[in-house]
Each structure stands twice: as structure tokens, then as C-alpha cells.
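Novice: need a 3D model of the following:
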Amino acid sequence: MDRQDSRESPLFGEEEENFKVKKSTIRHPVASFFHLFFRTSAILVYLLSDIFSSRFIACMVTIILLLSCDFWTVKNVSGRLLVGLRWWNQVDDDGKSRWVFESKKSSRINSTSTAESQIFWLGLTACPIVWIIFMFSTIFSFNIRWLAVVIMGLVLQWANLYGYVRCKVGEKSNLGNLAKNYLGAQIFKQALKETGRS
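Specialist: Numbering: from 1, shown residues only. This is a model prediction of the structure:
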């Protein structure tokens, strides 16, 4: 590929270094909007499906389409633009599947704004919690016909959350070990505080 072609569309993390961003501004309002639009629309259609339509199949298809659009948008657009993270699955020449988790280089991380980062992580973490609540409510209310839709919502939302958390903490990190190390550090700090009081 000619270098001149790559200037027209910069590679991941090769944005202009001279670009200064105010931390509270939203540089990508369309990406921020659609990051929240599809996921909240799916939740609203699920909650209001009995009020607006008694047709289960139409509501189910609408929710699954909204969840699919959300998955694609978050994975391919808003994660890259809002927080500088991306992940994907790559199949090698020998047929082995390999997951790739990337983040922008630390020297260029200042190009992301705090407001966009907060929007991204709030939407990414809050919606799977809502789908977990929906799952328990469908199980306890014996509303089994909605269980497949709720599981689909939970799986798609959880996949993006898992992928971006892996991008944030690093590809090589084991999330279980990271959690153990964090809890161990917190227990150690608490023990030091307790011995300091004695």
C-alpha cells in the first residue's frame, strides 16, 4: 500500500498529534448518540412492548435488530472514536481463531475527552445490568417466551463489555488475576489502616 493512501485514512492510533482537545467537549456527537440510542431503544421496546403492541414476533424482531445494530456500532465505531479501543477476532492462516484487543498508544490517549469516555463506559456497563434484571424478572414471572430475547440482549451487551474491558486492562492480562490482585491490595491497605489505629 502506498503511504500517500494511508494518509487519507490514518491507521489506528495515528491521528494528528497536534490536535488539542478540551476534556469536557464531545468531539463525536453522532457516535455518542448512537452509542446510547440503539441500546436504550432496545430496552424501551422491551419494556413497552405489551403497551404498544400485542404482537410478540414483531417486538422480538425489533429488539434483536436494535441489539444487533448496537453491537456493531459499539464494536466498530464508538469504541474506537470515543475511547480509542477496539477488539476483533482474527483467523490465522492455519485456521486458529485469535482474539485481538487494542488500545491507542499512551502518547495519543489525550485526544479522547473525559465526557465521551464517561458516556461510553456508562452505557457499556449500565445496559448489561439492566438485561440481567430483565432475565431474573422473566424467570421469576414465568414469562418464558421473552427469555430468548433477554438472553440475546445479555450476550450481545456482555460481549462488548468483556471485549472493551480486555482492551482497557491489556490483552495479556488475565482478568481473574487482575481482580485477585486488586482485592489483595485492598485487603492489605485495610490491614495497614487497622494496624495503624492500634
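Novice: just list the residues touching the closest residue to K75 other than its chain neighbours, thanks.
Specialist: With CB to CB, 6 or more residues apart in numbering as the criterion, K75 has its nearest non-adjacent residue at 5.9 Å, and that residue is N160. C-beta coordinates here come from the backbone N, C-alpha and C atoms, glycine included. With contact set as CB atoms under 8 Å, 6 or more residues apart in numbering, N160 has these partners: 71, 74-75, 79, 124.
Novice: list the buried ones in the helix or strand encompassing L124?
Specialist: Secondary structure from DSSP states H and E places L124 in helix 114-140. If you call a residue buried by 16 or more other CB atoms under 10 Å, then helix 114-140 has these buried ones: 115-116, 119-121, 123-124, 127-128, 130-131, 134-135, 138.
Novice: cool, stretch 152-165 as well?
Specialist: So, applying 16+ other CB under 10 Å, buried residues of stretch 152-165: 152-154, 156-157, 160-161, 163-165.
Novice: inside helices: which ones of those residues?
Specialist: Among the buried residues of stretch 152-165, the members found in helices (DSSP state H) are 152-154, 156-157, 160-161, 163-165.
Novice: still on that earlier bit, how near is the residue nearest to K75 to I63?
Specialist: As for N160, its distance to I63 is 16 Å (criterion: CB to CB, to the nearest Å).
Novice: pLDDT of the helix or strand in which I57 is found, averaged?
Specialist: Secondary-structure assignment from DSSP H and E places I57 in helix 56-73. Computed over helix 56-73, the mean pLDDT rounds to 92.
Novice: buried sites along that helix?
Specialist: Within helix 56-73, the residues scored as buried using 16+ other CB under 10 Å are 59-60, 62-64, 66-67, 69-71, 73.
Novice: looking at the residues you listed, which is nearest H35?
Specialist: Taking CB to CB as the measure, H35 lies nearest T73 of those, at 6.7 Å.
Novice: hang on, that closest one packs against L36?
Specialist: No: T73 is beyond contact range of L36, at 10.0 Å (criterion: CB atoms under 8 Å).
Novice: quick one, phi/psi of S113?
Specialist: S113 has phi and psi values of phi -90, psi 150 when expressed as degrees, to the nearest 10.
Novice: which residues of this protein score low on pLDDT?
Specialist: For the chain, applying pLDDT under 70 flags the ranges 1-24, 105-111, 171-198.
Novice: ok, now with 80
Specialist: For the chain, applying pLDDT under 80 flags the ranges 1-24, 26, 50, 52-54, 102-113, 170-198.
Novice: picking that back up, who are the packing partners of the helix or strand that the helix holding I57 is followed by?
Specialist: On the C-terminal side of helix 56-73, the nearest following helix or strand under DSSP H and E is strand 85-91. With contacts defined as 3 or more CB pairs under 8 Å, 6 or more residues apart in numbering; DSSP states H and E, the packing partners of strand 85-91 are strand 97-103, helix 147-169.
Novice: now tabulate those in TSV and tack on distance to V83.
Specialist: Compiled in TSV, these are given as follows (distance: least, CB to CB, whole Å):
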stretch	distance to V83
strand 97-103	8
helix 147-169	8
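Novice: and P29, which of these is closest to it?
Specialist: The minimum distance between P29 and the helices and strands packed on strand 85-91 falls on helix 147-169, with 20.4 Å, by CB to CB.
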